[in-house]
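1. got a predicted structure here, sequence first:
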Amino acid sequence: MCHRKPRTPGVGKTTLGKELASKSGLKYINVGDLAREEQLYDGYDEEYDCPILDEDRVVDELDNQMREGGVIVDYHGCDFFPERWFHIVFVLRTDTNVLYERLETRGYNEKKLTDNIQCEIFQVLYEEATASYKEEIVHQLPSNKPEELENNVDQILKWIEQWIKDHNS
């Protein structure tokens, strides 16, 4: 699925999100899966060979669940999500050589490969996140190898635990 600008897929968001949900008991929502299931599209991008996400419909679809809280949202963009939805935002970063291999394995065409690698090189997602949310809630995490995934899960679980303590006292 396409966002209007290139994003960085293949950095491990889904693996991390599912692992966190399983260990924390929070609800996991993959926006790409939701869009497919509910057909939340606004046309088709021939150049990138993928459907275009209808961002307004996605926000409408998720709003009630997000108000309830306790949700992990997995998507390769964040500038259209309301700021009020998130207490913390994690941007996963992957070395471009590792990322290239992951995307190539997925069968991405050359333009999609090049644009997504450039997106990672220029930290497009991190800049988008810091422009969309308070800078102090946006954190970058490395996502190149399995040990980093484990460290990221542990670090985020500790943050969740602390947040719950701070807000339930």
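-> Cool, the structure landed. Numbers count the residues shown, from 1 in each chain.

2. mind listing what's buried in the helix ranked longest in the chain?
-> Secondary structure of the chain per DSSP state H: the longest helix is helix 146-167. For helix 146-167, the neighbour count (16 or more other Cβ atoms under 10 Å) marks 148-149, 152-153, 156, 160 as buried. Backbone N, C-alpha and C define where each C-beta goes, glycine included.

3. so which residue is dead centre in the chain?
-> Note on the chain: the residue nearest the mean C-alpha position is residue 75, at 3.2 Å, using Cα atoms, centre = their mean.

4. contacts only, for that residue.
-> 13, 30-32, 81 (Cβ atoms under 8 Å, 6 or more residues apart in numbering).

5. helix or strand with the lowest mean pLDDT in the chain?
-> Scoring the helices and strands of the chain by mean pLDDT, DSSP states H and E places helix 110-121 at the bottom, with a mean of 90.

6. if we go by neighbour counts, what in the very next helix or strand once past it is buried?
-> Of the helices and strands lying after helix 110-121 in sequence (DSSP states H and E), the nearest is helix 124-132. Within helix 124-132, the residues that count as buried by 16+ other Cβ under 10 Å are 124-126, 128-130, 132.

7. before we move on, the earlier item: just the angle for the least confident helix or strand of the chain relative to helix 124-132, thanks.
-> Angle of helix 110-121 versus helix 124-132, following axes from the mean of the first three to the mean of the last three Cα atoms, to 10 degrees, is 50 degrees.

8. now helix 110-121: how far from the chain's centre is it?
-> Taking Cα atoms, centre = their mean, to the nearest Å, one finds helix 110-121 lying 17 Å from the centre of the chain it belongs to.
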